[in-house]
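In: Here's my sequence, what's the structure:
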Amino acid sequence: MSSNKKVPMRKCVGCQEMKSKKEMIRVIRTAENEFVLDATGKKNGRGAYLCPDRECLKKAVKSRGLERSFKQAIPEAVYESLEKEMVGIETG
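Out: Have a look, this model is predicted:
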């Protein structure tokens, strides 16, 4: 008997594509209402997923995908810090 491991899939709030959870970057809102990137995927908080490129972040900003996921307005400073963090992840 072969046991097929189920791969957890998540939808990007930018491009709306389903991808495996490991490919995505999780954006979380902490209990203190701070928004941070969660590279490990294990931090506590309400999460939304993005592809690891700036185009998807731009799409999420334009379509208000993150605001819908968190059911609240997100300050511009949060988007700027997310973009800086994403650049750090892309360059690695």
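In: alpha carbons only for contacts and neighbour counts from here, please
Out: Fine.
In: Residue 27 is in contact with residue 52, correct?
Out: No. With contact defined as CA atoms under 8 Å, residue 52 does not count as touching residue 27 (11.0 Å).
In: So for those two, which residue has more residues nearby?
Out: residue 27 (22 against 17; other CA atoms under 10 Å).
In: Which residue, other than its chain neighbours, is closest to that one?
Out: Nearest residue to residue 27, sequence neighbours excluded (CA to CA, 6 or more residues apart in numbering): residue 37, at 4.6 Å.
In: Kindly report the same for residue 17.
Out: Excluding the flanking residues, the one nearest residue 17 by CA to CA, 6+ apart is residue 11, at 5.4 Å.
In: tell me the secondary structure for that neighbour?
Out: strand (DSSP: H, G, I helix; E, B strand; the rest coil).
In: could you point out the longest helix in the protein?
Out: For the chain, the longest helix by residue count, based on DSSP state H, is helix 76-91.
In: Please list the residues outside that one that contact it.
Out: 35-37, 52-54, 57, 61 (CA atoms under 8 Å, 6 or more residues apart in numbering).
In: give me that answer again for 10 Å
Out: 25, 27, 34-37, 39, 51-54, 57-58, 60-61, 66, 92 (CA atoms under 10 Å, 6 or more residues apart in numbering).
In: how about low-confidence regions in the protein?
Out: Low-confidence segments of the chain, defined by pLDDT under 70: 1-2, 89-92.
In: at 90 what do you get?
Out: Along the chain, the parts satisfying pLDDT under 90 run over 1-7, 22-25, 27, 30-31, 33-46, 51-57, 66, 73-92.
In: Cool, thanks, talk later.
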